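**Q** Fold the stuff below for me.
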Amino acid sequence: MKPKTTHHASVEISRGLLRLALGGTMIAHGVRHARSLEGTAGWFGSIGFREPRLQAQLSSVVEVGAGTALICGAATPLAASAVVGTMAVAAETVHRPNGYFITSEGWEYVGFISAAAVALAAMGSGRYSLDRLLGVENRGSGLSRGLLAAGLGLGGAAIQLKTFWTRPVADASS
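**A** Numbering: from 1, shown residues only. Modelled structure (predicted):
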């Protein structure tokens, strides 16, 4: 049997890699949306969002903020819930009608990102995190942290969709 310290180091490295991958992905998406704000707003409008410029601005801020928080290990269950919410909105507005596989614009990618965010919330932010430094890391069980991330994310997505989105009517000529 290998020494316990090797196992703990492996877990911390794996957790850190997951935080970097998820956080970096979210930051990249947020920066991309912010750099082409008018185009992003036009796209939001085309898929049925009211107040598309506001939606574009908020998506940029939420994606960069959640990504940064995940990388730092700050408020990890809440940051993960923002990722879940963002991905749930994307799934409903763009991807779900296209099936599972991303090659057909399906929900494979957003589902995977959401699952990884819930898993990270359940695992906790780890030894090298702001949550740990502030003494709030691993409050509650892993199950409760994962459920919190999933529940808040899905609830927030439902509110955003109900408040700002209407499924576009298919054009009969296409």
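**Q** just checking, what packs against the biggest helix by length in the chain?
**A** In the chain, taking DSSP state H as the definition, the longest helix is helix 4-35. Other helices and strands packing on helix 4-35, by 3 or more CB pairs under 8 Å, 6 or more residues apart in numbering; DSSP states H and E, are helix 52-72, helix 76-90, helix 108-123. Placement of C-beta: from N, CA and C, glycine included.
**Q** Which one, of those helices, ends up nearest to residue 7?
**A** Of all these, it is helix 108-123 that lies closest to residue 7, at 14.2 Å by CB to CB.
**Q** Buried residues in the helix or strand that comes right after the closest one, which are they?
**A** Using DSSP states H and E, the helix or strand that directly follows helix 108-123 along the chain is helix 130-133. Across helix 130-133, burial judged by 16 or more other CB atoms under 10 Å covers 130, 131, 132.
**Q** Kindly reformat those residues as CSV containing pLDDT and distance to residue 107.
**A** Output for those, formatted as CSV (pLDDT from 0 to 100; distance: CB to CB, whole Å):
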residue, pLDDT, distance to residue 107
130, 94, 31
131, 92, 30
132, 92, 33
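**Q** Residue 54: which of those residues is nearest?
**A** Nearest to residue 54 among these, with distances taken as CB to CB, is residue 130, at 29.2 Å.
**Q** who touches the closest one in this structure?
**A** 72, 73, 74 (CB atoms under 8 Å, 6 or more residues apart in numbering).
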